[in-house]
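# Any chance you could fold what I've pasted below:
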Amino acid sequence: MVTGFRALRSILTLSAALAASVALAGPRARDLGVPFEGTPGPLNAITDVAGVTVGQVTLIEDLADGRKVRTGVTAILPRGRETITTPAFAGSFVLNGAGEMTGRSWIEEGGLLEGPVMLTNTHSVGTVHEATIAWRVKNGQPDSSGYWWSTPVVAETWDGELNDINGFHVKASHVDAALDGAKAGPVEEGNVGGGTGMTCHGFKCGIGTASRSVDVKGRGYTVGALVQANYGTRSALRIAGVPVGQHLKDVTAKQATASDADKGSIIIVVATDAPVLPHQLDRVAKRAGMGLARLGSFAGNGSGDIFVAFSTANAESMEGTQMHAAEFVDNGWLDILFEATVQATEEAIVNAMVAARDMQGNDGHAIKALPHAALVELLARYGRGTTPR
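Okay, the predicted model is just below:
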């Protein structure tokens, strides 16, 4: 009976958190007049890449013992439900390695992403890793060798100030819910999923996404980015070239991180439907770091800046036959994808900051969100803003 009550309470809490996150949905960066380069896709989200789905579970609860749960799980499925059985070409890059992304060794060795990309907090990587394997075993089939071999990609950032991280509140049921609930369409941003308790540049942050539509020799492709942002110093923050952090030094509550040191992390997931091979995707993943730099990141010693990129093209080359043929973009045309990656990454991070809301967390810690009115005023002062929507 106790177990059943706890399960019911967990479901009710999750439902309330999801309802609250929907109710709090507000403007994105472009709605505030933040200027960006490039042409976004219809949703300006990673789900503009056909087939990509995103699922998120948000855990917000104040426990009886005074501890605060502010965490969750985000799942990115490259091919939707087909992700269970059909891999995707992939590449990765580590800008600074004070963090974790499991499964990178096989991406480097085999050039394949064989499952979803999962995002959560640092101390929940083990739970999410095991639960993702169990989910695949439950829903999929053995691989071509007849084995249930799986090395999931699970990445993390630290939410231990706002969240009771050592309470291990992320459970297998939450992983299942994120994976089973993954869908196309708009993606929630800010205080949701794995980004629920995250902070960047001294402001509340979390999940953000954006996309770019590009033309490569007359063929249209999409590049999308999704970030779990928890990095950066206040003083270094720049938005659209404006030194926002220098002007908003005093916009604080009782900050979770008192020092102006880059001790957080950021995970960046880049998706494209352009036909690119694994070694080319390594190069695409590197360019996510340049979008990050536009916001003022210098990839500090304590930051885990880890990126993964995948392509949904060439699905027919993943069928397990002995010989394969794959289409790919000539290296000389990769510049278009590189630029789109930089642009989408930059906007995804700003979207995460704009969507986030003030949060009270563990041990009296609190983080203020980026003030929208102050941002609009600064953009206008520097002649960088457009007319807010």
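
# all helices for the stretch 251-389 of the chain, in order.
Residue ranges of the helices in the stretch 251-389 of the chain, as given by DSSP state H, counting those that start in this stretch, are 278-294, 334-355, 372-381.

# okay, the angle between the last one and helix 334-355?
If I follow you right, that is helix 372-381. Interaxial angle, helix 372-381 versus helix 334-355 (axes from the mean of the first three to the mean of the last three C-alpha atoms, to 10 degrees): 130 degrees.

# so what strands line up beside the longest strand anywhere in the chain?
Among the segments of the chain that qualify as a strand by DSSP state E, the longest is strand 219-230. Neighbouring strands of strand 219-230 in its sheet, by DSSP bridges, are strand 207-216 (antiparallel), strand 265-272 (antiparallel).

# closest one to P87 among those strands?
strand 265-272 (14.0 Å; C-beta to C-beta). Glycine gets a C-beta too; all of them are placed from N, C-alpha and C.

# do you know how far G195 is from D363?
The spacing between G195 and D363, counted by C-beta to C-beta, to the nearest Å, is 20 Å.

# between these two, who's got more neighbours?
The neighbour count for G195 versus D363, taken as other C-beta atoms under 10 Å, is higher for G195 (36 against 13).

# Tell me how far stretch 194-203 lies from the chain's centre.
Relative to the chain's own centre, stretch 194-203 is displaced by 12 Å; criterion: C-alpha atoms, centre = their mean, to the nearest Å.

# Quick check: mean pLDDT of that stretch?
Throughout stretch 194-203, pLDDT has a mean value of 97.

# Can you give me the end-to-end span of that stretch?
Terminal residues of stretch 194-203 lie 17 Å apart, using C-alpha to C-alpha, to the nearest Å.

# tally of neighbours for N139?
A total of 14 residues lie near N139 under the criterion other C-beta under 10 Å.

# Dihedrals phi and psi, it?
Note on N139: its backbone torsions stand at phi -100, psi -20 [degrees, to the nearest 10].

# which residues does the closest residue to it other than its chain neighbours contact?
Of all residues not flanking N139 in the chain, I84 sits nearest, at 5.3 Å (C-beta to C-beta, 6 or more residues apart in numbering). Counting by C-beta atoms under 8 Å, 6 or more residues apart in numbering, I84 touches 115, 136, 139-141.

# Ok, G38 next?
212, 214, 339-340, 343-344.

# Show the low-confidence segments of the stretch 251-389 of the chain, by residue range.
Along the stretch 251-389 of the chain, segments meeting pLDDT under 70 span 252-260, 320-323.

# still on that earlier bit, which of the contacts of I84 has the most neighbours?
When neighbours are counted by other C-beta under 10 Å, G115 leads the contacts of I84 with 26 neighbours.

# what's the burial count for the closest residue to that one other than its chain neighbours?
Once flanking residues are discounted, G115 sits nearest to P152: 5.2 Å by C-beta to C-beta, 6+ apart. The tally of other residues near P152 (other C-beta under 10 Å) stands at 23.

# G332 too?
Residues near G332, counting by other C-beta under 10 Å, number 6.

# try G245
By other C-beta under 10 Å, the residues close to G245 number 22.

# what is the mean pLDDT for the helix or strand harbouring it?
Assigned by DSSP states H and E, G245 belongs to helix 244-247. Mean pLDDT, helix 244-247: 96.

# Show me which positions of that helix end up buried.
Under the neighbour-count criterion of 16 or more other C-beta atoms under 10 Å, helix 244-247 has 244-245, 247 buried.

# Tell me which of the strands paired with strand 219-230 is the most buried.
Highest mean neighbour count of those: strand 265-272, a mean of 30 (counted as mean count of other C-beta atoms under 10 Å).

# Give me the distance between it and the centre of its chain.
Relative to its parent chain, strand 265-272 has a centroid offset of 6 Å by C-alpha atoms, centre = their mean.

# so it versus helix 278-294, what angle?
Here strand 265-272 runs at an angle of 130 degrees relative to helix 278-294 (the same axes, to 10 degrees).

# what's the neighbour count on W106?
Residues contacting W106 under the criterion other C-beta under 10 Å number 18.

# Mind checking what secondary structure it has?
The local conformation at W106, judged by DSSP: H, G, I helix; E, B strand; the rest coil, is helix.

# who touches it in this structure?
Neighbouring residues of W106 by C-beta under 8 Å, 6+ apart: 112, 114, 151.

# can we see that at 7 Å?
If a contact means C-beta atoms under 7 Å, 6 or more residues apart in numbering, then W106 has 112, 151 as its contacts.
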